[in-house]
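> pasting the structure only:
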Ligand SMILES: CCCCCCCCCCCCC/C=C/C(=O)SCCNC(=O)CCNC(=O)[C@H](O)C(C)(C)COP(=O)(O)OP(=O)(O)OC[C@H]1O[C@@H](n2cnc3c(N)ncnc32)[C@H](O)[C@@H]1OP(=O)(O)O
């Protein structure tokens, strides 16, 4: 982050936090595929993904999440908890249908919206946490690890499984993973396409706590936010942004090349063939 960007971020944060210390704000739900509920007392917003059955991240769901994050930031919420309306899947990751035999204009918009959603979530000045109440592969894991804290329910799986699908996780997926895990663990897991059980994820630090129910997970996320009670919100947010600025800046600088690489890669006949086989295997499971 250069000096001008830093000053502008500081100005935004001062405007947000300057005179609002003890007030409670109300946020409103914006999306059709998401809901946002704000705890009137704590000011914490719960953003629930609601594209059942598996919260596949298609263009519309990503747009809704992105708009919700902007609205939560704008409404001065005290925290953002990301969770799912499903009782078994947090998010199945990117909707493979967006990448399989794609319309090229939509494909571009899809990837650009994913980039923008990540920039908004990973760079959010609002404290963020994920209540992971179901499986969380690939893009689902990206969303969860973009948050500052993770609480997961037992007996589910989480990880970046891209290499198992014959696709490559972009650099910013890897950077997000490396922000949570020791570099060696991250490299091994990424190259293996490893999906961690909830219990394994806790052991390596991919998640911070386990909870027995969604309600308990949300409560634990709220307790995490409470650890900031005695900090200055402006100083907290600036500190977070400085920690993450290298990763954020890299994607900001390379957005166009990243899109180009994605389009090139996804349109390769071998990748299309692999995605088709993978989709068939997923569908065969349900027959
Ligand atoms: C030099 C190289 C430079 C490279 C530069 C970069 C290039 C960039 C390349 C591209 C990178 C992209 C990164 C990709 C990220 C992703 O997120 S890809 C998606 C990965 N996701 C998965 O692998 C998860 C697949 N799904 C599952 O494992 C299971 O569905 C589940 C999540 C564990 C849930 O299981 P269950 O509850 O049993 O549900 P199912 O019965 O399996 O599924 C229900 C229906 O949903 C469909 N479905 C599931 N997941 C997806 C999905 N991700 N996309 C689309 N559709 C999905 C499934 O087929 C079922 O459909 P129906 O049979 O029609 O009901």
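Sure thing, it's come through. These numbers were taken from a predicted model, which means no experiment stands behind them.
> what does this protein have sitting close to the ligand?
Residues of the chain that fall close to the ligand, judged by Cβ under 6 Å from any ligand atom: 53-54, 56, 88-89, 92-97, 135, 137-139, 161-162, 165, 167-170, 261-262, 265-266, 282-283, 285-286. Just so you know, the C-beta spots here come from the backbone N, C-alpha and C atoms, and that holds for glycine as well.
> Go through stretch 212-222 and flag the buried ones.
Residues of stretch 212-222 classed as buried by neighbour count (16 or more other Cβ atoms under 10 Å): 214, 217, 218, 220, 221, 222.
> Make sure I have this right: residue 169 is in a strand.
No. Read with DSSP: H, G, I helix; E, B strand; the rest coil, residue 169 is coil and lies in no strand.
> so who does it touch?
Residue 169 makes contacts with 138, 160, 162, 163, 177, 190, as judged by Cβ atoms under 8 Å, 6 or more residues apart in numbering.
> 10 Å instead?
By Cβ atoms under 10 Å, 6 or more residues apart in numbering, the contact list for residue 169 reads 138, 139, 141, 142, 160, 161, 162, 163, 176, 177, 190, 193.
> Confirm the third one sits in a helix?
So the one you mean is residue 141. Yes. According to three-state DSSP, residue 141 belongs to a helix.
> Hmm, residue 195 and it touching each other?
Yes. Between residue 141 and residue 195 there is a contact under Cβ atoms under 10 Å: 8.8 Å.
> Looking at these two now, which is surrounded by more residues?
residue 141 (33 against 20; other Cβ atoms under 10 Å).
> Which of the residues of the chain next to the ligand fall in helices?
139, 162, 165, 261, 262, 265, 266, 282, 283, 285, 286 (DSSP state H).
> do you know how far the first one is from residue 212?
By that I understand residue 139. 26 Å (Cβ to Cβ, to the nearest Å).
> Buried ones from the residues of the chain next to the ligand, can you make that a ChimeraX selection?
Filtering the residues of the chain next to the ligand down to the buried ones (16+ other Cβ under 10 Å) takes a single ChimeraX command:
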select :54,56,89,92,93,94,95,96,135,137,138,139,161,162,165,167,169,170,262,266
